[in-house]
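Undergrad: what follows is a protein structure lacking sequence information:
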Ligand SMILES: NC(=O)C1=CN([C@@H]2O[C@H](COP(=O)(O)OP(=O)(O)OC[C@H]3O[C@@H](n4cnc5c(N)ncnc54)[C@H](O)[C@@H]3O)[C@@H](O)[C@H]2O)C=CC1
Ligand SMILES: O=C([O-])CC(=O)C(=O)O
């Protein structure tokens with residue numbers, strides 16, 4: 001399928017900053033962005049790649065390969081280890097680079113190590129990015145890294161910071177399509193709620209399969225409870241087990257989907273899942289970066305209102321939101337929320 005044309009086609013290049021550009025996701029993501037898959041087939045792109053000093057050489061190698069693709073839409077590439085340079089004029093920032101959990105590292109150590117990265121990047125975004133920058137945090141723990149970045153980016157509205165649960169959403173769509181034997185285009189109304197972690201709640205309550213309620217088409221509540229939900233929750237771990245490395249091509253594809261929908265709009269008659277700053281909807285405490293059902297138009301996202309949450313869904317949502325609140329309290333205790 002060829003990418004859609006952007007409504008603002010033919011204007012100045014959009015500046016897209018990608019951090020962690022020499023990593024696995026970066027390698028799958030950058031050619032997709034440069035080909036027009038993310039922002040539209042007529043939208044020129046200027047790429048700014050940020051890496052740590054030890055990986056700048058590898059990022060420069062990726063830039064050489066992007067040159068060698070001769071992408072018609074690629075207006076230029078800069079490679080740097082300086083966040084101020086990387087975020088200069090950024091219209092879209094994909095924060096992929098983060099510190100992986102090392103041997104013997106506790107969750108608190110991981111939050112602390114990533115806190116240092118995302119406080120600095122939040123500040124650099126505030127000082128250098130375009131006024132209406134759109135930020136997608138992919139690097140884990142994605143929701144809490146986004147929370148840290150937005151708290152350290154004075155002047156940028158919190159609504160401009162999002163975290164990625166689109167991979168979880170796409171995994172849920174694919175599982176339901178496979179079970180029901182319809183193409184993925186026949187699946188609508190899935191929501192992933194909460195944290196991008198094993199506590200997330202992939203919710204089929206409002207989903208439809210070719211216009212019919214998914215729960216009726218599936219006709220087997222045990223499949224949903226005992227197979228669908230844990231499979232989606234544990235899919236990241238299953239990929240690591242099978243591949244010996246974490247999801248990269250599918251994560252890159254989800255990042256492209258997330259930004260494309262945010263910039264160009266979600267399709268009519270459905271929604272997607274994005275982790276955004278809560279306004280208190282569905283009882284999620286205000287200020288947490290939680291995944292919700294979201295529609296986008298005109299470059300703005302909106303949380304879908306009025307969905308029913310039965311007791312089972314409420315309990316699952318409370319668990320994942322409780323984890324987000326605990327992560328927030330931990331990073332607040334470390335002084336990372338400004
Ligand atoms: N939200 C989601 O759905 C998903 C998130 N992830 C997360 O995405 C992140 C990246 O994954 P991979 O590309 O596979 O990892 P990777 O380890 O292959 O690459 C990460 C890159 O980030 C760079 N980096 C580290 N600190 C940096 C900094 N301060 N500034 C710029 N670059 C920095 C590293 O040098 C490395 O090249 C991981 O945190 C992973 O857990 C992965 C899959 C899905
Ligand atoms: O589980 C991981 O480390 C990578 C990840 O976020 C995912 O695949 O969803």
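TA: That came through, no problem. These numbers were taken from a predicted model, which means no experiment stands behind them. Numbers count the residues shown, from 1 in each chain. Ligands and ions are numbered 1, 2, ... in the order given.
Undergrad: spell out the secondary structure type for whichever residue of the stretch 101-250 of the chain sits closest to ligand 2.
TA: Ligand 2 sits closest to residue 236 of the stretch 101-250 of the chain, with a gap of 2.7 Å, by Cβ to the nearest ligand atom. Any C-beta I mention is one placed from the backbone N, CA and C, and that applies to glycine too. Put simply, residue 236 is helix when judged by DSSP: H, G, I helix; E, B strand; the rest coil.
Undergrad: got the contact list for it?
TA: 246-247 (Cβ atoms under 8 Å, 6 or more residues apart in numbering).
Undergrad: up against ligand 2, what does the stretch 201-338 of the chain have?
TA: Contact residues, the stretch 201-338 of the chain versus ligand 2 (Cβ under 6 Å from any ligand atom): 236-237, 239, 246-247.
Undergrad: taking those together, which two end up most distant?
TA: 237 and 247 (10.1 Å; Cβ to Cβ).
Undergrad: secondary structure element for the residue lying closest to residue 161 once chain neighbours are set aside?
TA: Among residues not flanking residue 161 along the chain, residue 150 sits closest, at 4.0 Å (Cβ to Cβ, 6 or more residues apart in numbering). Secondary-structure assignment from DSSP states H and E places residue 150 in helix 142-151.
Undergrad: show residues contacting that helix.
TA: 95, 98, 111, 114-115, 117-119, 121-122, 125, 135, 137, 139, 156, 158, 160-165, 195-196, 275, 277, 287-291, 324, 327-328, 331, 336-338.
Undergrad: so which residues of the chain form strands?
TA: 14-19, 45-50, 74-80, 92-95, 134-137, 161-163, 187-188, 191-193, 201-203, 208-209, 212-213, 272-277, 289-297, 300-303 (DSSP state E).
Undergrad: need those in JSON lines with mean pLDDT, can you?
TA: Output for the strands of the chain, formatted as JSON lines (pLDDT from 0 to 100):
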{"stretch": "strand 14-19", "mean pLDDT": "98"}
{"stretch": "strand 45-50", "mean pLDDT": "98"}
{"stretch": "strand 74-80", "mean pLDDT": "98"}
{"stretch": "strand 92-95", "mean pLDDT": "98"}
{"stretch": "strand 134-137", "mean pLDDT": "98"}
{"stretch": "strand 161-163", "mean pLDDT": "98"}
{"stretch": "strand 187-188", "mean pLDDT": "98"}
{"stretch": "strand 191-193", "mean pLDDT": "98"}
{"stretch": "strand 201-203", "mean pLDDT": "98"}
{"stretch": "strand 208-209", "mean pLDDT": "98"}
{"stretch": "strand 212-213", "mean pLDDT": "98"}
{"stretch": "strand 272-277", "mean pLDDT": "98"}
{"stretch": "strand 289-297", "mean pLDDT": "98"}
{"stretch": "strand 300-303", "mean pLDDT": "98"}
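Undergrad: many thanks, have a good one.
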